[in-house]
Each structure stands twice: as C-alpha cells, then as structure tokens.
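[1] Here's a sequence, model it:
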Amino acid sequence: MANALLGSLLSAMATVLGAIPILFIKRLSEKWKDVLVAFTAGIMVSASMFGLIPQAIIESGLIALFLGLITGVLLLDLIGNNLPHMDVENKPGYTDMDSKALLVMIALFIHNIPEGLSTGFSYASQQGNLGPMVAIAIGAQNIPEGLILAVFLMNSRTSRLKALTLAALTGLIEIVAAVIGYFTASSIQNIVGYGLAFAAGAMLFIVYKELIPESHGHGYERPSTYSFVLGLLIMVCITQRFG
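    Numbers count the residues shown, from 1 in each chain. As a prediction, the model looks like this:
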C-alpha cells in the first residue's frame, strides 16, 4: 500500500514538474509542445503493449483483457465527449478567465481519475515491478499536461504562482483514485487483470485520440515522430529494468 501511495504521489507531482517552466517562460512554442506530447505518447504505448496487456493476460486471461480494455476506452470516450477539450494556442486575452479555467480544471480533474486507478491496479498486480513502470508512464504524460495547463491559465491572466498551484491540485485526485484502485483490486478476487486491461485501454485511447493528433497538427510531424519512437524505446528499456 505504501508503494502505491508513493508511486501515485510521484506520478501526480509530475504535473507540478511540468508546470514549473512557466516561472521562467512566457510562451511554449508549438514545436516543443508537439515533441513533448509525442514523446509522452511513445511512453504510454510502450507501457500498455509491453507491460499492462501481457500482465493482464497472465493475471486473468484473454476475456478479461478484452472486457477491461474496452471498458477503459469507453470510459475515456465518455469523459471526452462530455467535458471540454483543453486546447492551448498561446493566445493571450481570454476575458472570462474564471469560467474557462474552471472548466479546464474540472476536465483534467475527472480525466486524472482513470489514471490514478491504473496506478492502483498496477501496484496490486502479482508482478510487483509493474506498479513503478505504470507510475512512470503516467507521470511522463502528466509533465506536458501540467505545462500546457499552466500556460493556459497564464494566458487566462492568472499569476504564475497561482497557475502552478492550480496545476498541482489537478494531479492530487490521482492519489485518491490510486488508493481506491489498489484496495478494490486487493479485495475482489481476479479483478487485477481487468484493472490492468482497463489501464491499457485508457492509455491507448488517450494516445490515439488526444496525443498523436495534437502532436501532428502544427507542421512538426517529422520531429514528433522521432520523439514518439524515442519515448517508446526509453519505456522499453524501463520495462526491461522493472520486468
């Protein structure tokens, strides 16, 4: 349990790490944003394909893999269809800062719940090293997410320190969700495989629906592709290290 708490805390605090650069910069270039997002996508694909999916099959079999993965995809799709999409164009001058910022924070707050559950399920797995690997993958995804959110808040005329604080708050829900996921998996027999498959489905949906389109929408497809491959290979090395 302590390991699950620590892993979810580090994963959640990666949001803060991502937001820290706003203390020193005023604008995030589209190129660097795309490269960071693509790198994250590579990490998440690798964690899903080489970590979560194989272990879900070992834990509970193919049927659990199909059901859990589809559930993860459907839940993220439901969230995506009913919450505002965070789109940062680095354009100053939002006039309704409170409403826009609140909507974006609510979206990220709810969006982070499945990520926290994924961490908790992974730490409850029989493969003890799977938890740290998933925490690293989700933490890597939180870094550019925290930066993008902080830039959005600054563009909405929020002070830098307040933007950093608000970005940190959106990640805290992951810790609560991780605890729920861990105790659920520990209490209900044979649910771990479903939870791991759920985590894989959630990650793959985020990658294909959000990250890859975002990284290929501003004319920097080539460096983004290399960044994706680099992220994937780095996560393969991490998988072997924890495997």
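[2] residue ranges of the helices in this protein, please?
    Secondary structure of the chain by DSSP state H: the helices cover 2-19, 30-47, 53-60, 62-82, 97-123, 130-155, 160-187, 192-205, 212-215, 221-242.
[3] deepest of the ones you listed, which one?
    helix 192-205 (a mean of 28; mean count of other CB atoms under 10 Å). Quick note: C-beta positions are derived from backbone N, CA and C, even for glycine.
[4] From the contact counts, what lies against that one?
    With contacts defined as 3 or more CB pairs under 8 Å, 6 or more residues apart in numbering; DSSP states H and E, helix 192-205 has these neighbours: helix 30-47, helix 53-60, helix 62-82, helix 97-123, helix 130-155, helix 160-187.
[5] angle of it against helix 130-155?
    With axes from the mean of the first three to the mean of the last three CA atoms, to 10 degrees applied, the angle from helix 192-205 to helix 130-155 works out at 40 degrees.
[6] Offset the numbering so it begins at 696, please.
    Shifting the count to begin at 696 puts that one at helix 887-900.
[7] Could you tell me the angle between helix 887-900 and helix 855-882?
    Interaxial angle, helix 887-900 versus helix 855-882 (the same axes, to 10 degrees): 150 degrees.
[8] Would you mind getting the angle between helix 887-900 and helix 725-742?
    Taking the same axes, to 10 degrees, one finds helix 887-900 and helix 725-742 inclined to each other by 160 degrees.
[9] pLDDT wise, what is the closest residue to L771 other than its chain neighbours at?
    The shortest distance from L771 to any non-neighbouring residue, by CB to CB, 6 or more residues apart in numbering, is to F900 (4.2 Å). On pLDDT, F900 comes in at 89.
[10] same deal with the one 10 residues further on?
    Model confidence at S910, given as pLDDT, is 88.
[11] I figured it hits V732, correct?
    Yes - using CB atoms under 8 Å, S910 is in contact with V732, at 4.4 Å.
[12] Give me the common contacts of the two.
    S919 (CB atoms under 8 Å, 6 or more residues apart in numbering).
[13] picking up where we left off before, which one of the helices of the chain has the lowest average pLDDT?
    helix 792-818 (a mean of 69).
[14] picking up where we left off before, who's in contact with the residue nearest to L771?
    By CB under 8 Å, 6+ apart, the residues touching F900 are G767, V768, L771, D772.
[15] Check G896 too.
    Residues in contact with G896 (CB under 8 Å, 6+ apart) are G763, L764, I765, T766, G767, V768, L771.
[16] Could you single out the nearest of these to A832?
    Ranking the contacts of G896 by separation from A832, with CB to CB as the measure, puts G767 on top at 14.1 Å.
[17] can you pull the contacts of that closest one?
    P809, A892, F893, A894, A895, G896, A897, M898, L899, F900.
[18] can you check A699 too?
    T814, G815, Y818, A819, G826, A873, V874, Y877.
[19] again, only this time at 10 Å
    A699 is in contact with 811, 814-819, 826, 830, 870, 873-874, 876-878, 880-881, counting by CB atoms under 10 Å, 6 or more residues apart in numbering.
[20] separation between the residue nearest to it when sequence neighbours are not counted and V874?
    The shortest distance from A699 to any non-neighbouring residue, by CB to CB, 6+ apart, is to Y818 (3.8 Å). To V874, Y818 is 10 Å away according to CB to CB, to the nearest Å.
[21] Then G912?
    Distance of G912 to V874, given as CB to CB: 36 Å.
[22] do A742 as well
    Per CB to CB, A742 is found 21 Å from V874.
[23] what does M828 give?
    According to CB to CB, M828 and V874 sit 19 Å apart.
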